[in-house]
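Build the 3D model from these lines:
(chains A and B, ligands or ions: 1)
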Amino acid sequence: MTAQSHRNPTGGRIDRARTLGFTFNGRYYEGHPGDTLASALLANGVHLVGRSFKYHRPRGIVGSGAEEPNALVQLGQGALTEPNVRATQAELHDGLAAASVNCWPGVRWDIGAINGLLGGLFPAGFYYKTFMWPARAWRAYEWFIRRAAGLGLAPREPDPERYDGTHAHCDVLVAGGGPAGLAAALAAGRAGGRVILADEQAEIGGSLLAGGGTIDGRPARAWLDDATAELAGMAEVRVLPRATVFGYYDHNYLGIAERLADHLPPAERAGRARQRVWKVRAGRVVLATGAIERPLVFDGNDRPGVMLATAAQAYANRWAVRVGDRAVVVTNNDSAYQTALDLSESGVAVALLADLRAEVPAALAQRLSRAGIEVAAGSAVVDAAGGTRVTSAEIRRLGADGTTLEGPARHVPCDVIAVSGGWSPAVHLFSQSGGRLRWDEAIAGFVPDISRQAEVSVGAARGTFDLAAALAEGARAGAAAAHAAGFGDGTATAPAANAREVIAPRPVWRVPSAGRGKAFVDIQNDVTAADIALAAREGYSAVEHLKRYTTTGMGTDQGKTSNVNALAILAHATGTAIPAVGTTTFRPPYTPVTFGALAGRTVGPLFDPARLTAMHPWHVQAGTRFEDVGQWKRPWYYPRGSETLHQAVARECRAVRTSLGIMDASTLGKIDIQGPDAAKLLDLVYTNAWGGLEVGRCRYGLMLKEDGMVFDDGVTARLGPQHFHMTTTTGGAARVMAWLEEWLQTERPHWRVYLTSVTTQWAVAAIAGPNARRLMAELCPNIALDAIDFPFMAWRDGTVAGIAARVFRVSFSGESAFEINVPSSQGMALWQALMTAGAKYDITPYGTEAMHVLRAEKGFVIVGQETDGTVTPGDLGMDWIVGKKKPDFVGRRGLARADCKRPDRKQLVGLLPQDPKEVLVEGAQIMADAAAPPPVPMEGHVTSSYWSATLSRSFALALLKGGRARHGQTVPVHAYGKTSWAQVTEPIFYDKEGEKLRG
Amino acid sequence: MKYSLLGLIKGAGNHHKDWPAAWRQPEPKPAYDVVIIGGGGHGLATAYFLAKEHGVTNVAVVEKGWIGGGNTGRNTTIVRSNYLWDESAHLYEKSLKLWEGLSQELNFNTMFSQRGVMNLAHNLHDLRELNRRVSAIRLNGIDSEFLTTEQVKAFCPIINTAPTIRYPVLGASLQRRGGTARHDAVAWGFARAADRLGVDILQNCEVTGIRREGIRVTGVETTRGFIGARKIGSVAAGHSSVIAAMAGLRLPIESHPLQALVSEPVKPVLDTVVMSGAVHVYVSQSDKGELVIGAGIDAYNSYAQRGTLQVIEEQMAALIELFPMFSRMRLMRQWAGIVDVCPDASPIMARTPVEGFYINCGWGTGGFKATPGSGWVFAHTIAQDRPHELNAAFTLERFSSGALIDEHGAAAVAH
Ligand SMILES: Cc1cc2nc3c(=O)[nH]c(=O)nc-3n(C[C@H](O)[C@H](O)[C@H](O)COP(=O)(O)OP(=O)(O)OC[C@H]3O[C@@H](n4cnc5c(N)ncnc54)[C@H](O)[C@@H]3O)c2cc1C
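Residues are numbered from 1 along each chain as shown, chains lettered A, B, ... in the order given. You can find the predicted model right below:
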């Protein structure tokens, strides 16, 4: 049976020429393009779509859009599955497969419903009062709670789809494409402004899509078609359907989530991005987000078939769906009268309209009676009977103060109850923008009051429910916004519509109970009016306490239909006025946004893209193992054949010490520093003095933070009187750049010095070893290379293997070494030339691991390994680098503090393990007393630890309390249950005099 | 009325009409022995322990909004004690021990759930640091384990441990006794228990000034009038500098927004807390089924409890890198708190140069876990007018002496 039992043969904005097949809970149904899953289900007479969160009560479709609290489904299968999708927002496509969430084994027979029977045990916050005994059992209780909670299922596979992100600027952003938003966009567009109009629905039009009415003397829908056509023709206007403005951040920065492919069958999505997040900086914002109808809180108001009046109306008009066979309408305001008429016209028998107000709008009432619909004034539905579908409504007269019931009960059989409890302006974005709300008695809702950003709310979003007034407001706001951005004269003519007289709603926040059943406030989270009363009694009477204690408004709908009702019932319970209770903070997003869409393209290979040097392809070809250092991929070691790390590193180290090694040093940070005050900047950020450095020379420097702790290091060369080339650690480059800029921009803005990051402009090959100079001599005819003409810590310009190069005589390995800088584009050529020419010396590429061993043998520290933000230059034995005569440098004051002068600070030492074959664990702790039970006093830790091929033994560097005075002692070193012993030494193991690197 | 299953059963019979207010809503008295500024978890815990451990019951907690509305009610509730330095380790471990009996102590289920906290290592530097921490923590007598990549996968099968990802998981540390708790319950539980011992909890009562006579405090000016106090404890998190300024003190604190977010609720998929400094995100799943996600602070200073979208985008990218299957999950709610960041990423819990004025602040991105321990030592400090040995190092003077307790490593990813 696939007939759409409740679809009318004509009408609606659906395409009957095509039929779409879909399944829900495994059953096959049909619908049409233009349908949502909800409208298609209702067209097939399906109301029961899920079970509630706590009591597992049967639940139906309540709304027709973003406000839907109940109809959450698991959409799609396998890798494409998505939990908790509102059936009212899922566009139907061929082959769509959906299932109810949170029920087992099925939505009709659900085991969890047993909770409903025990309901009395589970009032709001019951879990705070129990599950405490025995103390250890909580995780067991929790196991059950966790399984009971949650709604749909997370996907179990990686997401095969792709997402986009984009940035945009506009003069006017209009959020919401109903009549007010359209009028605003038209006015702003006609004035010539750049406009973005975003609407969450598949079609632009908002309330016009479901309602009737006339604009400019024509059916509103005809006006809508013209308006969208006109907007489409404006070059500076961008209309985004299926695009939810989800967040309003500071400085008129808004996020829009656009659904690009969700409405297509999976087969047609290939090659398309699924969703796109727009990040828009808007000159002005017009918020035309409409209003959300409120349910009424009466007993049994959660039964399938009880739905919002506008939703019932929308299903009739927009989707040509009869939501039932026999309806009761209950309202506290005028709007549902039209619903009753529209339902009746669509073929739903309307048994009765109950108006909570004693005084009913005469003209409307007359139209109803002409249509044969009884109007029961001063009456309400006080109970809805039924199980998986409502079967009848109990109607009673309300007492004058709305808290009592009068007269006899009438039981009216029906399968639908259409409810209107008034309207809440959708102030979410306004509130997110930082704007303050005001309670408006006349409409019984919160409206925008004081703005904090350049925005204005129009239409229903500010409580203007009349079509004519909404259009006028929109047009005015659009013109004014464009004018503010420099377009047009700020005026616009609004389309005309009939104004209506509206009688104020009668707020009866809790329809008096007929004594049976639960009355739900937050339908998704199963919060009842009684729960709110209990919370108030227990003192959770601040709105946020109420929300958190009862979970009202904390569900996936974020309380769109429940917040105001909850607030009002709380106010009533505590005897305060609603404005005094206050309102909750609306937080982004307006409706849930896909994580993947927020990540956009920055996933997979584009997640923090790896930085690669110019020589990277060579390393890859050589079978190099890489190490991640900061964002860089650096060669870690170059195994030959089946060599282990250990073997490769030993070989690489030997080559450097005995003949010639070559290392890719391109990743070091490089900053070009120019200007008359360049040397002053260096004097400020380094501990040593820079003024005297000659052009042609380099110097090593340590940078400290204000607290005197080592922060970065590197060699800086003087290229000219006002020109320096600074190098930083690989991982610290960006940090250092930001640090220098911060000092310049905030503390020394008057200094004339300019920084440029040139890290990737240069490729650097370091050659090191006794044969380094010989190789250089072959390749570098125009630089005098002997130790007198080109001493250690100098630099020269020249050519190397025919490539223009800047050569530094610096060494991190302790050997005679040259760092050859060439433009990046020449890096590979240089490397290859060096490898070819160096073959006679068995030139050996070495990676970071060998480099670490070599420098540790020499006692050179690595910032971030020997240091951790708590280490001073003195701790490293580098007091010599701290300028004693310098009047100031960053960190000087920090260093002067008493604690930095303690003799028993942790100081850098060497360690020689008692077992020369044992390589200590890096990070192992040095104990004060190997025999002490925990907590064991600790005196330091191993910072670096290696096997040294050169020394034929293991060695380590460590920070040790008072370590400089403890050379010769033996200390216990502990990691993972194992204690080893090591002798404390000077932190230098190779060429103490430095003859090799200078030679 | 004691909270118990029996009570609930009784309540079921009479529509739960008999549950009394969890705490009173008293009018301020003219004066108290101690006024605690700030009704967050730390302030309420301080009041509770003042009454319970030190017999000081003439105490008011003054809160400008609703209790727990600051960072206590905004945080991602990770509790652990795996800190590097001895001073921190002992303090947080004291706190963790208190957590382990807190629901019973308060007769309020704080849902402290020891599902483990796992810190991932993604490069050689991370591994070195991790070894260092695990070694130190274990020598301090606190549980901590090293997990290999395979063990990580076994413990939390949904993490992407493929060697091909941008920053492969090379290992992890795990503190099994770590976990999460229900943040609101902590505030409410302490409030209820403190109230029972006579503490007045004054909500909607903003402190606007501190009155001094010479170098001694005499009370607080509030939006509900002047309240006299012999001693004042400021526990105002992101607003600590503002309060301190009222007493004429400057604090070395920066206030930053720290954001967090939750997904829509789903059935259980993640049964531990996963944190990554290098990929820069952390995530757990709440008992309601939401994924609770956070990362780092917004870099600018602010008192407005809002953050930027860009930080969220980065968090999402990092999350998907580690958990590609979460890509189709959806962001349900995002928010920010204002965190009080100290230069050394450790708190200040101490006396001040102003007599009778004590401060407890600087918890930054990670003070929720310390809530009971912080209250416990701060109550001692106020009652005895000297620190407990557990907080003796957490002075204000350390910033001039240089004896810092640098825990930036522990706070590499905010939590
Ligand atoms: C997003 C986020 C995630 C976090 N995640 C974690 C985590 O996973 N684990 C962890 O351990 N920590 C985490 N933290 C940190 C943790 O939340 C805080 O360190 C801790 O909760 C601080 O508690 P508190 O009681 O000191 O502060 P708060 O709870 O902020 O309390 C301070 C109170 O002082 C009040 N106040 C301020 N000014 C005044 C005044 N003038 N008069 C009266 N009252 C005033 C405020 O209203 C507030 O209620 C996180 C923080 C944030 C923001």
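
so the closest residue to the ligand within the stretch 801-950 of chain A, which of the three states?
In the stretch 801-950 of chain A, no residue comes nearer to the ligand than A:Gly869, which is 20.8 Å away by C-beta to the nearest ligand atom. In this view, the C-beta of every residue, glycine as well, is placed from N, C-alpha and C. Judged by DSSP: H, G, I helix; E, B strand; the rest coil, the three-state class of A:Gly869 is coil.

That one and A:Thr848, how far apart?
Between A:Gly869 and A:Thr848 the computed distance is 22 Å (C-beta to C-beta, to the nearest Å).

again, but for A:Gly994
Remark: distance between A:Gly994 and A:Thr848 (C-beta to C-beta) = 23 Å.

Which one's more surrounded, these two?
Set A:Gly994 next to A:Thr848 and count neighbours by other C-beta atoms under 10 Å in any protein chain shown: A:Thr848 wins out with 21 against 14.

How about the contacts made by the more buried one?
With contacts defined as C-beta atoms under 8 Å, 6 or more residues apart in numbering or on different chains, the neighbours of A:Thr848 are A:627, A:629, A:634-637.

From those residues, pick the one nearest the ligand.
A:Val629 (29.0 Å).

how many neighbours does the closest one have?
Residue neighbour count, defined by other C-beta under 10 Å, stands at 19 for A:Val629.

Leaving out sequence neighbours, find the closest residue to it.
Sequence neighbours aside, A:Thr730 is the residue nearest to A:Val629 in space, at 4.9 Å (criterion: C-beta to C-beta, 6 or more residues apart in numbering or on different chains).

Ok, A:Asp879 next?
Closest residue to A:Asp879 apart from its sequence neighbours, by C-beta to C-beta, 6+ apart: A:Pro873 at 6.2 Å.

So the one you found is in contact with A:Gly883, correct?
No. Between A:Pro873 and A:Gly883 there is no contact, the gap being 10.5 Å when judged by C-beta atoms under 8 Å.

which one of these two has more residues nearby?
A count of neighbours by other C-beta under 10 Å puts A:Pro873 above the other of A:Pro873 and A:Gly883, at 23 against 16.

ok so, going back, ok, the residue nearest to A:Val629 to the ligand distance?
31 Å (C-beta to the nearest ligand atom, to the nearest Å).

That residue sits in which helix or strand?
In the assignment (DSSP states H and E), A:Thr730 maps to no helix and no strand.

so what's the residue nearest the centre of chain A up against?
For chain A, the residue whose C-alpha lies nearest the mean C-alpha position (C-alpha atoms, centre = their mean) is A:Leu598; its distance is 5.9 Å. With contacts defined as C-beta under 8 Å, 6+ apart, the neighbours of A:Leu598 are A:277, B:312-313, B:316-317, B:331.

Quick one, which of the residues you listed are buried?
Among those, those that count as buried by neighbour count (16 or more other C-beta atoms under 10 Å in any protein chain shown) are A:277, B:312-313, B:316-317, B:331.

The residue lying closest to A:Glu200 once chain neighbours are set aside pairs with what?
Setting aside the residues directly before and after it, A:Glu200 is nearest to A:Thr244 in space (C-beta to C-beta, 6+ apart), at 4.1 Å. With beta bridges defined as DSSP bridges, A:Thr244 has these partners: A:Ala257.

Quick check: A:Thr244 touching A:Gln201?
No. In this structure, A:Thr244 sits apart from A:Gln201 without contact. The criterion is C-beta under 8 Å, and the distance is 9.2 Å.

Mind checking which of those two has more residues around it?
Neighbour totals were compared for A:Thr244 and A:Gln201, and A:Thr244 leads with 24 against 21 (other C-beta under 10 Å).

Let me see the contact set for that one.
A:66, A:198, A:200, A:256-258, A:589-591, A:593.

hmm, try it at 6 Å
Neighbouring residues of A:Thr244 by C-beta atoms under 6 Å, 6 or more residues apart in numbering or on different chains: A:200, A:257, A:591.

how close does the first one sit to the ligand?
Yep, that's A:Glu200 we're talking about. Relative to the ligand, and taking C-beta to the nearest ligand atom, A:Glu200 is found at 28 Å.

That residue belongs to a strand, doesn't it?
No. Counting by three-state DSSP, A:Glu200 is not part of a strand but coil.

Excluding chain neighbours, what is closest to A:Val909?
A:Gly963 (3.9 Å).

Neighbours of the closest residue to the ligand within the stretch 51-200 of chain B, how many?
At 2.3 Å from the ligand, B:Gly70 is the closest residue in the stretch 51-200 of chain B, using C-beta to the nearest ligand atom. For B:Gly70, the tally of surrounding residues (other C-beta under 10 Å) stands at 28.

And it, its phi and psi?
When quoted as degrees, to the nearest 10, the phi and psi of B:Gly70 stand at phi -90, psi -140.

What ranges does the stretch 751-900 of chain A have for its strands?
Remark: strands of the stretch 751-900 of chain A, listed N- to C-terminal, are A:754-757, A:762-768, A:795-800, A:803-808, A:817-823, A:844-845; assignment by DSSP state E, counting those that start in this stretch.
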